[in-house]
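[1] how would this look folded up:
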Amino acid sequence: MSSGDIQKHIDEYGWHCLYVFDPDGEKNEFSYSIGFEESFGHPEIIIFGLKREVAHSILSDIASDLRNGATFEPNVKLNNVIGGDLDIMFKPVKQAAFDDYLGTAVRFYQRPFRAWVMLWPDKTNILPDEEGCELTVQDEALGIV
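    Now for the predicted structure:
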């Protein structure tokens, strides 16, 4: 995807969704926004371990919320972001992980920007960084926050 295509999506929708996967299946798939910072003054969001369509739908809903004036805080349990009375939490991505995980956004922005991982809960509403969480598909995400 070229920077021109990404800019076209940002101009039209306010953001672009990038899906990243490992063809060898050794790393978990993830999706992230490009344009939240530019369009909404909000950190980009990465979602690990969800299918492309589901992650896109969540990011699209968040973009709509941001467009309508919503604000989110990192490191705080938030409810009613993804529906189903489920909690999520945004955590800032370590700067050292930007090139490896946000390379397309790094090349697009060519300046500093912010990014958060969105942690989502298991079926009992326990987040991956909490005791007793049954999910492992976000372990890689926990390594970059």
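
[2] Okay, strands next: where are they in this structure?
    16-20, 30-34, 44-48, 78-79, 87-92, 115-119 (DSSP state E).

[3] Nearest to Tyr101, out of the ones you listed?
    strand 44-48 (6.6 Å; C-beta to C-beta). Backbone N, C-alpha and C define where each C-beta goes, glycine included.

[4] now for that closest one, which elements pack on it?
    Applying 3 or more C-beta pairs under 8 Å, 6 or more residues apart in numbering; DSSP states H and E, one finds that strand 44-48 contacts strand 30-34, helix 36-40, helix 52-67, strand 115-119, helix 139-142.

[5] and those as a markdown table, adding distance to Gln7, mean neighbour count and mean pLDDT?
    Formatted as a markdown table, the helices and strands packed on strand 44-48 follow (distance: least, C-beta to C-beta, whole Å; neighbours: other C-beta atoms under 10 Å; pLDDT from 0 to 100):
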| stretch | distance to Gln7 | mean neighbour count | mean pLDDT |
| --- | --- | --- | --- |
| strand 30-34 | 9 | 26 | 97 |
| helix 36-40 | 9 | 20 | 95 |
| helix 52-67 | 16 | 17 | 95 |
| strand 115-119 | 18 | 26 | 98 |
| helix 139-142 | 27 | 16 | 92 |
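
[6] coming back round to it: let's have the strands of the chain in JSON lines, adding distance to Pro128.
    As requested, these are exported to JSON lines (distance: least, C-beta to C-beta, whole Å):
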{"stretch": "strand 16-20", "distance to Pro128": "19"}
{"stretch": "strand 30-34", "distance to Pro128": "13"}
{"stretch": "strand 44-48", "distance to Pro128": "9"}
{"stretch": "strand 78-79", "distance to Pro128": "15"}
{"stretch": "strand 87-92", "distance to Pro128": "9"}
{"stretch": "strand 115-119", "distance to Pro128": "5"}
